[in-house]
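Asker: heads up, no residue letters with this:
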């Protein structure tokens, strides 16, 4: 069975994934919309930055984050100067790391689905008295539904599975920053295979269930109404 | 008072500039007619506020919508227009009912004059309400798009070739609705088309556009009877005449109609005596004779006077006739014109082989 520290790791993992995904969706959606619509000539620079975590070894990202977020780093230093404390080796640090690490998995599906929306659909809405904000909520978001679901799932799943970044900036503090993937690694290191099994099997089942639900939701809705298409 | 639509737009397009300035009627149906790529759609988008040219002026029935000089620009959502795109452009995530009500829900209550029921009846949408746009045929989509624009309670309805994406059968399905729309609302309509047939069925007023410039405009009847415009070269060219039904001949299945220039016997029309109709006499169906012809199969022969002549191509002439004050076009060969010695002022007999009923 799972020990209390395993349960804590599970809880931290889910909390981390939920918090990181929520923040990514909240800020990533308008950002992806802007990326999809802007005619700014240097857009490609931002797109390259967003894609960086896809190709960078997680340890590299983690290393720079550690440097930046630690007490001597630029971000950590400012935080300390403001009376706070550096966020390396804290849950907040994990959240920051996860957001950066999962950024492309949320931004890219959103940008793709936004780009696919026909400009004329929005023009039609504008001739039908919808303001830009109204158009975003009544046309863009509903039409982007599959992309939103994909983005949320990938962001969540990817955060749950991360290892390298977390290890670098979160360390391995049980009950605070120890997440599932690291707990599993620890169990294997100390040859506690049964424990590793429990956690691994749980993660496997959980991931599968989430994916099943998502794909079910993303299926084209069943035809409503009694008419048949001509 | 300030009725009418006055505009001036300069907008660079691919290959040429749109440079359009005109004042057109603020009521009835105004057709913007020109070839594909002549800038019709761009002009319509400028009027809707979907394009924002750097030089622009637009005043609609007393309301200033766009004035680049003072920096005034009323965005489309505040203009209270209806816009029908070429391919409908319905919202794919909403059912037909929600598509129809999209603009209505956003119309201030005191301006909600249209009703869902009326629009559904007008456009035959009753059975489609619960369908998704993906389940509609092209013609159905276009009817929903027109209904959606009407339910926006527009001050001005803009239609961009609403039939262009449809096949012949679906066109035929929609044209009656458009004619009906024309008669049952007093919303001014600007209708973009490159199809002469559509033009004569729906328009009251005609604006010609060529390579981004407006070349001529006027009432449809007058424009269709001019010999100097490119449309008079069209195979289907011909004058449009207002007439009234005088009498039905049940035995021979014919109807006698009267117009300012005389009377015409045409195929039976299923409308009561006294009804006002519009008829069209194609230039290709009118031939000319100097003397009243002897016994002939042609029923309609009217005395006329040659007003204007214009050569079209190398062998043909288009001739504008005056029949009791009503202009009628005739197309003959240059050889015939030569042989009959026709010139402006000549008295002739117009033999009218066919008359088409418009609406």
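Answerer: Great, that's in hand. Worth saying up front: this structure is predicted, and the values here are computed from it rather than measured.
Asker: only C-alpha atoms for contact and neighbour calcs from this point on.
Answerer: OK.
Asker: Quick one: name whatever helix or strand follows the lengthiest helix in chain A.
Answerer: Counting residues, the longest helix found in chain A (DSSP state H) is helix A:4-37. Per DSSP states H and E, the first helix or strand lying C-terminal to helix A:4-37 is helix A:43-55.
Asker: tell me the angle that next one makes with helix A:4-37.
Answerer: For helix A:43-55 against helix A:4-37, the angle by axes from the mean of the first three to the mean of the last three C-alpha atoms, to 10 degrees is 160 degrees.
Asker: quick one: average pLDDT of the longest helix of chain A?
Answerer: On average, the pLDDT along helix A:4-37 is 93.
Asker: Then stretch B:288-295?
Answerer: Computed over stretch B:288-295, the average pLDDT equals 88.
Asker: Buried residues, the host helix or strand of residue B:215. List them.
Answerer: Following DSSP H and E, one finds residue B:215 within strand B:213-219. Across strand B:213-219, burial judged by 16 or more other C-alpha atoms under 10 Å in any protein chain shown covers B:213-214, B:217-218.
Asker: Which of these sits closest to residue B:258?
Answerer: Nearest to residue B:258 out of these is residue B:218 (C-alpha to C-alpha; 24.5 Å).
Asker: And the closest one, how close does it get to residue A:124?
Answerer: 30 Å (C-alpha to C-alpha, to the nearest Å).
Asker: do stretch B:117-131 and chain A meet?
Answerer: Yes - against chain A, stretch B:117-131 shows contacts by C-alpha under 8 Å from any C-alpha of the partner chain at B:127-128, B:130-131.
Asker: now these in CSV, with neighbour count and distance to residue B:28?
Answerer: Converted to CSV, these look like this (neighbours: other C-alpha atoms under 10 Å in any protein chain shown; distance: C-alpha to C-alpha, whole Å):
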residue, neighbour count, distance to residue B:28
B:127, 11, 30
B:128, 21, 29
B:130, 17, 33
B:131, 20, 33
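Asker: With respect to residue B:203, which of the residues you listed is nearest?
Answerer: residue B:128 (28.6 Å).
Asker: Phi, psi for that closest one please.
Answerer: phi -100, psi -10 (degrees, to the nearest 10).
Asker: how about the strands in chain A?
Answerer: Counting by DSSP state E, one finds no strands in chain A.
Asker: which stretches of it aren't confidently modelled?
Answerer: A:1, A:220-230 (pLDDT under 70).
Asker: For the residue of it with the smallest separation from chain B, give me its contacts.
Answerer: Chain A approaches chain B most closely through residue A:129 (3.8 Å), counting by C-alpha to the nearest C-alpha. Listed by C-alpha atoms under 8 Å, 6 or more residues apart in numbering or on different chains, the contact set of residue A:129 reads B:76-80, B:103, B:106-107, B:152.
Asker: At the contact with chain A, which residues of the stretch 1-150 of chain B appear?
Answerer: B:48, B:50, B:76-83, B:89-93, B:102-103, B:106-107, B:127-128, B:130-132, B:134-137, B:149.
Asker: Residues of the stretch 151-300 of chain B that sit close to chain A?
Answerer: Residues of the stretch 151-300 of chain B lying near chain A (C-alpha under 8 Å from any C-alpha): residue B:152.
Asker: Of all residues in the stretch 151-300 of chain B, which one is closest to chain A?
Answerer: residue B:152 (6.1 Å).
Asker: Which of the helices or strands spans that residue?
Answerer: Applying DSSP H and E, one finds residue B:152 in no helix or strand.
Asker: show me the contacts for residue 172.
Answerer: This is for chain A. Neighbouring residues of residue A:172 by C-alpha under 8 Å, 6+ apart: A:178-179, A:182.
Asker: now the residue nearest the centre of chain B, nearest residue through space, not along the chain?
Answerer: Residue closest to the average C-alpha location in chain B (C-alpha atoms, centre = their mean): residue B:203, at 2.5 Å. Spatial nearest neighbour of residue B:203, excluding adjacent residues (C-alpha to C-alpha, 6 or more residues apart in numbering or on different chains): residue B:29 at 5.0 Å.
Asker: cool, and residue A:18?
Answerer: Using C-alpha to C-alpha, 6+ apart, the closest residue to residue A:18 is residue A:156 (6.7 Å).
Asker: which ones are touching residue A:156?
Answerer: Counting by C-alpha under 8 Å, 6+ apart, residue A:156 has contacts A:17-18, A:20-21.
Asker: Pull out the buried positions in stretch B:226-239.
Answerer: B:226-227, B:231-233, B:236-239.
Asker: Looking at those, which is nearest residue B:330?
Answerer: Checking those one by one against residue B:330 (C-alpha to C-alpha), the nearest turns out to be residue B:238, at 7.7 Å.
Asker: who's in contact with the residue nearest to that closest one when sequence neighbours are not counted?
Answerer: Closest residue to residue B:238 in three dimensions, ignoring its sequence neighbours and counting by C-alpha to C-alpha, 6+ apart: residue B:282, at 4.0 Å. Contacts for residue B:282 (C-alpha under 8 Å, 6+ apart) come out as B:236-239, B:329-330, B:354-356.
Asker: For the nearest residue to the residue of the stretch 151-300 of chain B closest to chain A once chain neighbours are set aside, grab the count of nearby residues.
Answerer: Leaving aside its chain neighbours, residue B:152 sits nearest to residue B:103 (4.4 Å; criterion: C-alpha to C-alpha, 6+ apart). Neighbours of residue B:103 under the rule other C-alpha atoms under 10 Å in any protein chain shown: 27.
Asker: same question, the one 10 residues further on
Answerer: Neighbour count of residue B:113, defined by other C-alpha under 10 Å: 13.
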